[in-house]
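> sequence and predicted structure below; questions after.
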Amino acid sequence: MAKVDFAVPELKEYPEIPALKMDAMAHSSPFKSKPEFQGPLGFPGELVENWQQQAIAKMGDLLGKYRSLRVYLDACVKCGACTDKCHYYLGTHDPKNMPVARQDLMRKVYRRYFTLAGRLFPQLVGAQDLTEDVLSDWYSYYHQCSQCRRCSVFCPYGIDTAEISMAAREIMDSIGVGQKYCNEIIAKVYRIGNNLGLPGPALIDTLEGLEEDVYDDTGVQVRYPIDKAGVDILLVTPSADFFAEPHVDGLIGYGKVFHEAGVSWTFSSYASEAANFGMFIGSYDNMRRLSQRIREAAIKLGVKRIVFGECGHAWRVAYNFLNTLAGPWDFLDPRYPVPQHICEFTHELIQQGKLNLDKSQNDDKVLTFHDSCNVARASRMGNYPGGQFDIPRAIIRATCNHFYDMDEETIRDRTFCCGGGGGLLTDDLMELRVKGALPRMEALNNVMREKGVTHMAAICAICKSQFTKVLPYYGMNMDQIVSVHQLVSNAIVLTPRDDDQDDDDDSDD
Amino acid sequence: MSFISSVFAYLYYFATLVLVVGLLNKIVQYARTPAPLKIPTTPAPITRTGVTLRMLREVVFFESLFRGNKWTWLFGWIFHFGLFLVTLRHLRYILEPVPVVITMIQPFGIYGGIAMVVGLAGLWARRFLVDRVQYITARSDHLILGLIVTIGLTGLFMRFFMHTDIMQVKAFYQGLYHFEFHLLPADPVLLIHLLLVAALLIIFPYSKLLHAPGLFFSPTRNQVDNARDQRHLAPWARRLEQQP
């Protein structure tokens, strides 16, 4: 484990609402973006000269474009219902990590420049000019929000801090103050096709390796095709699925499910990324450009359906925004929703009895499930509200014998963020990530002690990467986090096909 | 005395004008600002009827707040329900003839007044006792609480200890409809009560009291969860599509 220069919070049996510790995380802020990452996204390379003026103008622009921002900056009554709901507040004790206080960093500027009361009586209503200190606070604390929307569940007006932190990041980008991690990644997608910068040949190589591994393992030839035109399904998955652990075990599972379903499918090297970091930086333009790649790939490959792999915010963008950003999808098969989640696909097969699952293959594990925030609170699966909670659980129950949920207060729509979402999954924010994971770690620790849980399944690439990194800080093992489709992959009994015997002969393609 | 009555008459014309124009202005602004993306907090209803019911539960029962914090919910709901009853009770001053329902509600309006003050006291106490709430409280939050508590207390004082001539008060307000200025009772508690109510009407469109119309425009609460079935496109986003 890396050297720790901060105190890892202690896990308690019952969650505690901490007392305020002023400026406890004022020092936390991610590396700033460089001009070469800013340019491709359409942002100035460095802080522009008249930045205050431009920032206020941008805020005015956004206030006219987003009803959420306008209403949420006006409506808050400071009731305090959200104050103990943010995992970053619970883990860091910094009052500016209370959702309302985070919003107030922008609200006080909004009041000063856009409301009568703030222009006339700034002291009275807590209005403030946009100074360098305020901007520095913005950069620090709007990068301590993972846009998980837990606060919005409990707000009597549904105020969503994510909307405000997205707007703040968009304003900062527009004056040349970008965050390196997000912006570098988005530029990489434009250049290469995915967040990790894996070029087509590397993907082909990886997938061929996987085909061999699965064949050696099972004796069945499962295909992992890429850029194959004329197939039924385009599978779009986070690029971490191609090689990170435990992500890749989930990807192996997707292929096995498609194999059993008997459908033809393919990845695309052009749209080899489900993640859409355009959302994290609140940029409609960039989010749209990233989404358009999926449309282009679908048209080029002539597919009939689009299915998304396990990824939280990607599913939010896919489920809720893709129709807006890259639709209409009238050229796809109208019998299926666009897009579908891989869990919806697998669940349907299970219900139809089309998958032969041997639960005992997962008997070495006692499972629990981590609801990923963007799936739980910002999207849906299936055809009724809350399907996003039931479908992954149904898959887990169908693939293993031992499953226990964590404390009700910490799952479903009250789930806690893993601590690394919203564009914060970067090593320069390690302290924040470890502390922000506290509420989830506490709930996991409790269910481990009470029910003997050994593994936690997730359906989000960011959650998986975050937990892999953070679990050891809390004295747990990094391999306790697993993909849901990894469980499917373990349990599935594959049906051999004709081409399994003559694997060495490539003429069957 | 007639001077003070005239001042109050003009004040109430002004306050009503500010309230109506200011509020309409805000409502039009909210309505005209598009919500470019589907952002309902899920699980969310998948039909319009479902959304109406969700909104109704929020408005009547403060459903989300109930899940968020029981004490704030309790005091907040007591206050708002009390305020609702008090408002109904007071309609007798501005309506003629007084509808039967309003006549029947009169005794409950008194309990409402007590409930209002109790609820507000609880909410105000939280601003001192809970360190997190204290941190987020601005001076204006105390002022608005003070304003409404004083309105409530002066109202109750007149009901229980120092009655005023309510027929004369009613005549004053009825007169305003026809630009006739009647005298208000020369009663300091009443004048304070009415002055503060006018102040409340005036600050409404310029303060956090905008949470009342705001709730109805909150996209996380008022959107239908149907993004895959229906394409949702804001006018400014549509223009992007027309560019190459």
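Ah, there it is.

> from now on I want contacts and neighbour counts done on CA atoms only, so please keep to that.
Fine.

> what helix or strand is the closest residue to chain A within chain B located in?
Nearest residue of chain B to chain A: residue B:211, at 4.1 Å (Cα to the nearest Cα). Assigned by DSSP states H and E, residue B:211 belongs to helix B:211-216.

> which of the residues in stretch B:164-171 are buried?
Buried residues in stretch B:164-171, counted by 16 or more other Cα atoms under 10 Å in any protein chain shown: B:164, B:169-171.

> do stretch A:87-103 as well
A:87-103.

> ok, now which ones touch the closest residue to the residue of chain B closest to chain A other than its chain neighbours?
Distances taken as Cα to Cα, 6 or more residues apart in numbering or on different chains put residue A:75 closest to residue B:211, at 4.1 Å, once the chain neighbours are dropped. Residue A:75 sits next to A:157, B:208-212, B:214-215 when contact means Cα atoms under 8 Å, 6 or more residues apart in numbering or on different chains.

> can you say which of the residues you listed are buried?
So, by 16+ other Cα under 10 Å, the buried ones in the contacts of residue A:75 are A:157, B:208-211, B:214-215.

> make a markdown table out of those and add pLDDT.
Below are these laid out as a markdown table (pLDDT from 0 to 100):
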| residue | pLDDT |
| --- | --- |
| A:157 | 98 |
| B:208 | 96 |
| B:209 | 97 |
| B:210 | 97 |
| B:211 | 97 |
| B:214 | 97 |
| B:215 | 97 |
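
> now the residues you listed in CSV, with distance to residue A:423?
Below are those laid out as CSV (distance: Cα to Cα, whole Å):
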residue, distance to residue A:423
A:157, 26
B:208, 31
B:209, 34
B:210, 32
B:211, 31
B:214, 29
B:215, 29
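
> ok, which residues in the stretch 351-500 of chain A are in contact with chain B?
Applying Cα under 8 Å from any Cα of the partner chain, one finds that the stretch 351-500 of chain A approaches chain B through A:376-380, A:384-386, A:413.

> at 7 Å what do you get?
With Cα under 7 Å from any Cα of the partner chain as the criterion, the stretch 351-500 of chain A meets chain B at residues A:376-379, A:385-386.

> can you pull out the low-pLDDT segments for the chain?
Since no chain was named, I'll use chain A. A:1-4, A:499-509 (pLDDT under 70).

> nope, chain B please
B:1, B:244.

> helices of chain B, residue ranges please.
Along chain B, counting by DSSP state H, helices occupy B:2-32, B:48-61, B:63-68, B:70-94, B:100-129, B:131-136, B:139-160, B:166-177, B:188-203, B:211-216, B:219-222, B:235-242.

> do stretch B:220-240 and chain A meet at all?
Yes: Stretch B:220-240 reaches chain A (Cα under 7 Å from any Cα) through B:220-221, B:227-228, B:231-233.

> what comes up buried for that stretch?
B:220-228, B:231-233, B:237.

> spatially, which two of those residues are the most separated?
B:221 and B:237 (21.8 Å; Cα to Cα).

> state the distance from the residue positioned nearest the centre of chain B to residue A:164.
Geometric centre of chain B, nearest residue: residue B:212, 5.9 Å, by Cα atoms, centre = their mean. With distances taken as Cα to Cα, to the nearest Å, residue B:212 is found 20 Å from residue A:164.

> again with residue A:234
For residue A:234, the distance to residue A:164 - Cα to Cα - is 34 Å.
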